[in-house]
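pasting the sequence and the predicted coordinates here, then a few questions.
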Amino acid sequence: MSAVDQQALFQFLLRMGDNTLVLGHRVSEWCGHAPVLEEDIALANTALDLIGQTQFWLGLAGEVEGKGQDADALAFRRDVWDFRNFLICEMPNGDFGQTLMRQFLFDAWASVTLAHLQTSSDERVAGIAAKASKEVAYHLERSADTVVGLGDGTEESHKRMQAALEYLWPYVGEMFVSDDVDTAMVAAGIAPDPASLRAEYDAIITRVLTQATLDIPQSAFAHKGGRDGSIHTEHLGHLLTSMQWLQRVYPDASW
Amino acid sequence: MSAVDQQALFQFLLRMGDNTLVLGHRVSEWCGHAPVLEEDIALANTALDLIGQTQFWLGLAGEVEGKGQDADALAFRRDVWDFRNFLICEMPNGDFGQTLMRQFLFDAWASVTLAHLQTSSDERVAGIAAKASKEVAYHLERSADTVVGLGDGTEESHKRMQAALEYLWPYVGEMFVSDDVDTAMVAAGIAPDPASLRAEYDAIITRVLTQATLDIPQSAFAHKGGRDGSIHTEHLGHLLTSMQWLQRVYPDASW
Amino acid sequence: SDQEREFQDKIDADIKIEPRDWMPDDYRATLIRQMGQHAHSEIVGQLPEGNWITRAPTLERKAILLAKVQDEAGHGLYLYSAAETLGVTRDELTEMLLDGRMKYSSIFNYPTLNWADIGAVGWLVDGAAIMNQVPLQRTSYGPYSRAMIRICKEESFHQRQGYDAIRKMAEGTVAQKKMAQDALNRLWYPSLMMFGPSDKDSVHSAQSMAWKIKINTNDELRQKFVDQTVPQIEYLDLDLPDEGITWNAQRGHYDYTDPNWSEFFDVIKGNGPCNVDRLAARNKAWDDGAWVRDGLMANARKKAAAKMAAE
Amino acid sequence: SDQEREFQDKIDADIKIEPRDWMPDDYRATLIRQMGQHAHSEIVGQLPEGNWITRAPTLERKAILLAKVQDEAGHGLYLYSAAETLGVTRDELTEMLLDGRMKYSSIFNYPTLNWADIGAVGWLVDGAAIMNQVPLQRTSYGPYSRAMIRICKEESFHQRQGYDAIRKMAEGTVAQKKMAQDALNRLWYPSLMMFGPSDKDSVHSAQSMAWKIKINTNDELRQKFVDQTVPQIEYLDLDLPDEGITWNAQRGHYDYTDPNWSEFFDVIKGNGPCNVDRLAARNKAWDDGAWVRDGLMANARKKAAAKMAAE
């Protein structure tokens, strides 16, 4: 690949790895505070898988960048503007319903995307996708079940899930906006065009949200900026203060 | 003074400055979120005064230490174990009632202590105390009024204030425990023995809490450790992740 | 009518309208909307700056920022009080903010993402606000005019502090300079939008200008802001945030690229980056504080009753 | 009675008691208390470690910690299930935890204040727990015994990970070594307290030992823990946390200073550094989660009804 493509590949891998890093961090905030023991276990398990995927994506990103940064350096030594995750990943946990809705909306995207990435022309990418796919299939099954269970539960749980969906909906569109990085990835056969995945995604979420008796918002408005780093929410900076604390305060330590 | 006394004086000044630093930080977290506009202004004003006092106390601490640390270095470059504030200062804000109760319990201590410090044998200490006294007199008047207003308000406000008092009460005792540092300060005529201030303190809070129709808890149990740094609460570490963030991430910058 | 003519004559003669004077319903309604919106902007404006109070990098910067946010709450107070002279209560205005019937300045729907934003808010946002507000010191409604005189004095102090803060960043380390540039790039167009839509799309303007509620047109003020700010950017040795900025010797002004007005209208409709979070924060403060307001009120009543009984 | 004699004979012959077997009421009550308390400890034990998950210094350490806390929740599940075989529900046990009728291990009322605490918790706290639990694999009640076998296997894995984490700190930079020492100093006595009060002050013990619910005395286990841990401290090149620690060749054991038992009883009474916050956190999780549990339950009922109707 050309140098330009390598740079694009680096950006693509940051996007993949920052999504799982930031979302994994958010999910890990639940630890010990879930509504029921089985959910504590499930949330810890999801966070664990996402952090594991982060190690692969950011590890490869560091290799491709070729400046000697490993996954930890990328995770713990960049400031807000260098993050490339979807905004939805950094949105606060809110109540358990909002956390699960966010997870479902992300899992559906991840399952569609990873399925395509398994046929990536880059074997390393295909390999990570194959491994992550299995985990994500399980995450999606679980988050979809919970969204249905709470959407079609009591009046209150329905109301909360509808509110969560409406709060998060404007952050879904960003998943399907393509830019130069994506064009380069498509040209190199590394990754699919995000815009091309929307139909598959809509099929999944329409099925699940319908079963959950939830109304999909009509607005097509989409917040953007996380994926290219042009803008983030105010939440990310606060998240980093915890996440990067030890690495920042004790830069010479190894752990 | 002897070298030992200088070391004790340094510790004493850290205690004074860390109290105002940490409490000032906590109060500043309210900014923009108070129950009524006048309270937003009052809380910002209190935080501002406390930060101002911190500049004096820690500035002098740095001078006494003589290692070239200024107030900012002390505030932003120490980790949890080096902090010397009362535990009550790092307790979370809770609801507005808990914040005001914490403020009142602290203000009463500060007003008693600063009155004595104005006659300190160390003119620098006396000078800071004289300036801070005026501010604290106003803080105390205000926090006492609010504690009375809410304690003797509605049934709900009374219940919340009583709960706040019970939650915070075990953190009051630490203010009046004397140790070697205090002995050295008393010997040098720099500061009063904390244990000797309890009666004055009790007179103030008994008057106010009675007027607020609140029951003073009977338990004499006291959490300790903040003042000598032997133990802090888990809350302080989280507070530092925000407070020290920029100094830690960009150690070479001047702001 | 005669009343209307007399009213307009007073305005034309630069005589202030006072609360007890007769005024047209529309004048009153327009003023309530404008002053309420201005007050709300001060209140909501605490949030993006408050976002960095807990992360201020030095004690001095923290104190400055606290004092500034405190001043803004104070401006809110003046303006609500001035609006109350028109027969609307602060609580009514607050509820209209909280349920979305009244707006606040869209600039506060943008996030503060690095410390230089705090400097840039003072420099650009307060700078733009002052440019809007200075003429309003001469506005026709007395209480509003007097509030603006007081506010403008403090705002220009804030602007100088903001400029000082961002100058320190621009002259600092590589990372600091990058922060300053990033802040300028993100806040430039939103600041231009603070003057409102282009004159050709602006409603209410003609009548408001006749009433001296509005003194200059949006585009006039925007141009003035650009002309004032571009040399400052150059002085700070930052890159211009708009490639279209060039000195137009013929006009005697800087040319610049118009903001993306569809983004502007998106933000107004509620789709700015922070609209939902800002309103949620204010609603939460209000709802969580209900017991406090009720408690203090109940106590005040008890005290009053006790005083009555004692007399 | 004959039943009682037969019951004790089985125990003496190392035959497990199973849920359907007859058992004395006291045996059942004591087991419920002990297993419930153990389960609660796993649940509350998530909190001090969870306190550092968001600040774990590397992705690997974060993953290890997440896996560990997940295991602890899993242990809670096994133990609640085992306790349920005695005729008490998990919800009943949970409510007794939440309103303070049942206890959890006092060690979790101490805070985790630096990253080395996470290593120290694995090394010392899990170490002490294992020493308590290994004998319980041979306990007389079948479901409890089987749960303990499973749990012990995972716990010793955790302990090795904890030791590895603190070793890394002890061998690290000056600051890291200081953290390790600080963690050891703070957690040493609380760990010794995990074996319960001195034998002379311990209630319930004699009967529990006859029933093989308790296998060793508190002081026996405590001594074993000290003997195992002191060489590890020396290997790590950390200072001993107790000046009273010396090898007693005559006894063949290390002498050590007894913990401050009045602190122990203070913590049991609710005056530990974190008692209030720990219970508040668990109560908040439970209360905030009520709508989730209700919602999922309602959905399950709807599904069951639909399935019935379809049949």
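That came through, no problem. Numbers count the residues shown, from 1 in each chain, chains lettered A, B, ... in the order given.

can you pull the buried residues of stretch C:21-34?
Of all the residues in stretch C:21-34, those buried under the rule 16 or more other Cβ atoms under 10 Å in any protein chain shown are C:M23, C:Y27, C:T30, C:L31, C:I32, C:R33, C:Q34. No exception for glycine: its C-beta is placed from N, CA and C like everyone else's.

now stretch A:171-186
Judged by neighbour count (16+ other Cβ under 10 Å), stretch A:171-186 contains these buried residues: A:Y171, A:V172, A:G173, A:E174, A:M175, A:F176, A:S178, A:V181, A:D182, A:A184, A:M185.

okay, now A:K134: neighbour count?
Other residues within reach of A:K134, judged by other Cβ atoms under 10 Å in any protein chain shown, total 11.

all helices for chain A, in order.
A:3-28, A:37-65, A:71-76, A:87-90, A:96-117, A:123-151, A:155-168, A:180-187, A:198-211, A:234-243, A:245-249 (DSSP state H).

got the residues of the stretch 151-255 of chain A near chain B?
For the stretch 151-255 of chain A, the residues in contact with chain B (Cβ under 8 Å from any Cβ of the partner chain) are A:H238, A:T241, A:S242, A:Q244, A:W245, A:R248, A:V249.

ok, so of the residues you listed, who is nearest D:I15?
Nearest to D:I15 among these: A:S242, at 52.4 Å, using Cβ to Cβ.

flag the shaky bits of the stretch 201-311 of chain C, pLDDT-wise.
C:203-204 (pLDDT under 70).

mind redoing it with 90?
Across the stretch 201-311 of chain C, residues meeting the criterion (pLDDT under 90) sit at C:201-216, C:310-311.

all strands of it, in order?
Here the stretch 201-311 of chain C has its strands, by DSSP state E, counting those that start in this stretch, at C:246-248, C:253-255.

may I have the strands that pair with the last one, each with its orientation?
Taking DSSP bridges as the criterion, strand C:253-255 sits next to strand C:246-248 (antiparallel) in its sheet.

which residues touch the strand it pairs with?
Strand C:246-248 has contacts (Cβ atoms under 8 Å, 6 or more residues apart in numbering or on different chains) with C:Y254, C:D255.

quick one: buried residues of that strand?
Under 16+ other Cβ under 10 Å, strand C:246-248 has no buried positions.

surely C:G272 is in contact with C:Y110?
Yes - contact status for C:G272 versus C:Y110: in contact at 6.7 Å, counting by Cβ atoms under 8 Å.

how about the stretch 51-200 of chain C: which residue is closest to chain A?
The nearest approach of the stretch 51-200 of chain C to chain A comes at C:P111, 4.5 Å away (Cβ to the nearest Cβ).

just checking, that residue touches A:E234?
Yes - at 4.5 Å, C:P111 and A:E234 qualify as touching, with contact defined as Cβ under 8 Å.

return the residues in contact with whatever residue of chain A ends up closest to chain C.
Taking Cβ to the nearest Cβ, chain C has its nearest neighbour within chain A at A:E234, 4.5 Å off. Contacts for A:E234 (Cβ under 8 Å, 6+ apart) come out as C:P48, C:N51, C:P111, C:T112, C:L113, C:C274, C:D277.

cool, C:D71 as well?
The contact partners of C:D71, by Cβ under 8 Å, 6+ apart, come to C:E154, C:H158.

give me the buried positions along the helix or strand hosting it.
Element membership of C:D71 [criterion: DSSP states H and E] is helix C:59-84. Going by neighbour count (16+ other Cβ under 10 Å), the buried part of helix C:59-84 is C:59, C:61-80, C:82-84.

residue 209: how many residues sit nearby?
With no chain named, the answer covers chain A. The local packing of A:L209 (other Cβ under 10 Å) involves 23 other residues.

if you could check chain C rather than the one you did, that'd help
C:M209 is flanked by 13 other residues according to other Cβ under 10 Å.

let me know whether it touches C:N218 as I believe.
No - between C:M209 and C:N218 there is no contact under Cβ under 8 Å: 11.1 Å.

can you tell me which residues contact whichever residue of the stretch 51-200 of chain A sits closest to chain B?
Using Cβ to the nearest Cβ, the closest approach of the stretch 51-200 of chain A to chain B is made by A:D79 at 6.9 Å. Residues in contact with A:D79 (Cβ under 8 Å, 6+ apart) are A:L240, B:V249, C:N114, C:A175.

please verify my assumption that the second one contacts A:V249.
No - between B:V249 and A:V249 there is no contact, the gap being 9.1 Å when judged by Cβ under 8 Å.

might you report the residue contacts of A:Y201?
Residues counted as contacts of A:Y201 (Cβ under 8 Å, 6+ apart) are A:A108, A:W109, A:V112, A:M175, A:F176.

report pLDDT for whichever residue of chain A sits closest to chain D.
At 2.2 Å from chain D, A:P35 is the closest residue in chain A, using Cβ to the nearest Cβ. Note on A:P35: pLDDT of 96.

can you check A:V4 too?
With respect to pLDDT, A:V4 has a value of 67.

for the residue lying closest to C:R33 once chain neighbours are set aside, what are its contacts?
In this structure, C:R33 finds its nearest non-sequential neighbour in C:M102, 7.2 Å apart by Cβ to Cβ, 6 or more residues apart in numbering or on different chains. When contacts are counted by Cβ under 8 Å, 6+ apart, C:M102 touches C:R33, C:G36, C:Q37, C:H40, C:L93, C:M96.
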